[in-house]
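> Structure, please.
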Amino acid sequence: MAFTPGILTHWPWECLGNFKYVIVAPFAIHSIYLYVVGSEDRDLGYLAIIPFMLWRMLHNQIWISFSRYRTAKGNNLIVDKSLEFEQVDRERNWFHSLHHTQFRTNYSLFMPFYDYIYGSMDKSTDTLHETSLKKPEDIPDVVHLTHLTTPQSVYHLRLGFAALASEPLTSKWYLWLMWPLTLWSMILTWIYGRTFIIERNTFKKLKAQAWAIPRYNIHYVLQWQRAAINKLIEEAILEADKKGIKVVTLGLLNQEEHLNRYGELYLERHPKLKVKVVDGSSLAVAVVLNSIPKGTSQIVFRGRLSKVAYSIVSALCHKGIQVSTLRSVEYEKLKNKLPTEDCNNLALSVKSCNQKVWLVGEDLTEHEQSMASKGTIFIPFSQFPPKKTREDCFYMNTPSLVAPKIFGNLHSCENWLPRRVISARRVAGILHALEGWNVNECGDTIIDIDKVWGACLQHGFRPSMTSST
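Numbers count the residues shown, from 1 in each chain. Modelled structure (predicted):
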């Protein structure tokens, strides 16, 4: 592959990047104008340039997504090597194996006929093709079960646009222009009645995959959708059990208490499951506790109460750290859960707060954030980040960890997290399999926090200290 190609090897508009398509805008505007004014010079072929270009892009993306899906499953892999972020940054001018491993063969990437007639086709082409077709599906040791979030998140999947998937999930203005395709994709995922593989990774002796439930955040808040979602999750767990997968972790809203009691529902329905179902709460608690700056004696707690929230507050009060809540309802619920000897470290505060550390959930309001003093550190304990409204404060990542360098094939960002940072729930399943823990972490069960945190550090995972103002 030539890194310094010769003269006339670049298109004149290459410097425009993704904006190169604006070149056809004058032609499109002119052709539309001719039709509007009823000019005799109007030409249907002239006007059809844009639709044909859009169709070409859509057709191209469909085959690319299908190819990536096959790669994620592990079927028909030609070169079984890890793909990293560095390659994603280059791959727009890179997705053919023999062309890049045997540099004197297979020059015509998409027209192999010319390689055949001129004798430049690699001798192993047919054999390689036949071998790849016979390769069985890759069976992982661990599966992380997640789901789509916003309508635009479908483009953020590795199956969608690689460039978007390699960056943290944010709303892009040009994606709003693609609302017809977005709507079509939502309908398609609604109709598609089973999970699909979005990523596969390797770590030490383990193989891991990420599966996605074809549902969005909005579906999880609709009561009439709960039965359908539970069925999808249950089918995914049963499929994993049938394939001999060791651990399934429930990510994002797939483990909500009101949905399935942190996964306990599936164990009650299928008590003979061999696969271990893990919600990752213990590691999430450990990450939050170890994200609090050393020497902190007072913190503010504000967020929807959950299994993780109760465990965090209980651990802090037991250590002698004073926890102040902003809402009386949360104060009463927490007080009823705490041992009598720890209740003295729980307080109710409804006015401005001077504490420099806040533990927060995604339901933190703008008014509540305004009560914090300048320089406050907001540490989320929830799976979704709170809306940032203060420029003079610091917002930490949701419970997550930086993956070791040997964590292979990591080339897409997990939702809003930075590169090479993965959620604590996802890491929990990997640790579960590596350590061989023969226990489910569902319902009210919490694995020993110190034990989980020690295993996390031992295997090379480190706290995600990234924060943004």
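> And the strands in the stretch 351-469 of the chain, which stretches?
In chain order, the stretch 351-469 of the chain shows strands spanning 357-360, 377-380, 394-396, 400-402, 421-423, 462-463, 467-468, with DSSP state E, counting those that start in this stretch as the criterion.
> Same list, the ones you listed, but as TSV with mean neighbour count please.
All C-beta spots, glycine's among them, are computed from the backbone N, C-alpha and C. Below are the strands of the stretch 351-469 of the chain laid out as TSV (neighbours: other C-beta atoms under 10 Å):
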stretch	mean neighbour count
strand 357-360	24
strand 377-380	22
strand 394-396	21
strand 400-402	25
strand 421-423	24
strand 462-463	16
strand 467-468	13
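> so which of the ones you listed gets nearest residue 52?
Judged by C-beta to C-beta, the one of these that comes nearest to residue 52 is strand 421-423, at 40.8 Å.
> Counting by contacts, list what that closest one packs against.
With contacts defined as 3 or more C-beta pairs under 8 Å, 6 or more residues apart in numbering; DSSP states H and E, the packing partners of strand 421-423 are strand 400-402.
> Give the rounded mean pLDDT of the strand it packs on.
Predicted confidence along strand 400-402 averages 96 (mean pLDDT).
> which residues sit against it?
The contact list for strand 400-402, computed with C-beta atoms under 8 Å, 6 or more residues apart in numbering, reads 287, 414, 417, 420-424, 427, 456, 461-464.
> partners of it, with directions?
strand 421-423 (antiparallel), strand 462-463 (antiparallel) (DSSP bridges).
> so how far is it off the chain centroid?
Relative to the mean C-alpha coordinate of its chain, strand 400-402 is positioned 13 Å out (C-alpha atoms, centre = their mean, to the nearest Å).
> Any idea which of the strands paired with strand 400-402 gets closest to residue 442?
Within those, the stretch nearest residue 442 is strand 421-423; the backing value is 17.5 Å (C-beta to C-beta).
> Name the surrounding residues that touch that closest one.
By C-beta under 8 Å, 6+ apart, the residues outside strand 421-423 that reach it are 251, 280, 383, 397-403, 410, 413-415, 417, 464, 466.
> Quick check: closest non-adjacent residue to the residue nearest the centre of the chain.
With distances taken as C-alpha atoms, centre = their mean, the residue of the chain nearest its centroid is residue 414 (2.8 Å). Excluding the flanking residues, the one nearest residue 414 by C-beta to C-beta, 6 or more residues apart in numbering is residue 422, at 5.3 Å.
> Mind listing the residues bridging to the one you found?
When bridges are called by DSSP bridges, residue 422 pairs up with residue 401.
> quick one: it from residue 400, how far?
Using C-beta to C-beta, to the nearest Å, one obtains 6 Å as the distance from residue 422 to residue 400.
> ok so, going back, want to throw the strands of the stretch 351-469 of the chain into CSV with distance to residue 348?
CSV is the format used below for the strands of the stretch 351-469 of the chain (distance: least, C-beta to C-beta, whole Å):
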stretch, distance to residue 348
strand 357-360, 15
strand 377-380, 20
strand 394-396, 25
strand 400-402, 30
strand 421-423, 31
strand 462-463, 30
strand 467-468, 28
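> and residue 336, which of the ones you listed is closest to it?
strand 357-360 (19.0 Å).
> list the helices and strands that closest one packs on?
With contacts defined as 3+ C-beta pairs under 8 Å, 6+ apart, strand 357-360 has these neighbours: strand 298-302, strand 377-380.
> ok, the longest one: who's next to it in the sheet?
Read it as strand 298-302. According to DSSP bridges, strand 298-302 forms sheet pairs with strand 322-325 (parallel), strand 357-360 (parallel).
> So which of those is nearest residue 432?
Closest to residue 432 of the strands paired with strand 298-302, according to C-beta to C-beta: strand 357-360, at 25.2 Å.
> picking up where we left off before, and the contacts of strand 400-402, which is closest to residue 128?
Relative to residue 128, the closest of those is residue 420; by C-beta to C-beta it sits at 31.6 Å.
> hang on, the residue nearest to the centre of the chain packs against residue 427?
No - counting by C-beta atoms under 8 Å, residue 414 sits too far from residue 427 to count as a contact (10.6 Å).
> what do the two both touch?
When contacts are counted by C-beta under 8 Å, 6+ apart, residue 414 and residue 427 are jointly contacted by no residue.
> Residue 351: what's it in contact with?
By C-beta under 8 Å, 6+ apart, residue 351 lies in contact with residue 371.
> The strands of the stretch 351-469 of the chain: which one's closest to residue 143?
Closest approach to residue 143 among these is made by strand 421-423 (14.0 Å; C-beta to C-beta).
> what's the distance between the closest one and the middle of its chain?
Centroid separation between strand 421-423 and its chain, computed with C-alpha atoms, centre = their mean, is 8 Å.
> Repeat that for stretch 188-205.
The answer for stretch 188-205 is 11 Å, by C-alpha atoms, centre = their mean.
> measure that stretch end to end?
For stretch 188-205, the first-to-last residue distance is 36 Å (C-alpha to C-alpha, to the nearest Å).
> Contacts for it, please.
Contacts made with stretch 188-205 from outside it, assessed by C-beta under 8 Å, 6+ apart, are listed as 69, 71-74, 82, 138, 140, 145-146, 148, 154, 157-159, 207-216, 232, 235-236, 239, 403-404, 406-410, 412, 430, 434, 459.
> Give me the buried subset of these.
Buried members of the contacts of stretch 188-205, scored by 16 or more other C-beta atoms under 10 Å, are 69, 71-72, 74, 138, 140, 145-146, 148, 154, 157-159, 207-216, 232, 236, 239, 403, 407-410, 412, 430, 434, 459.
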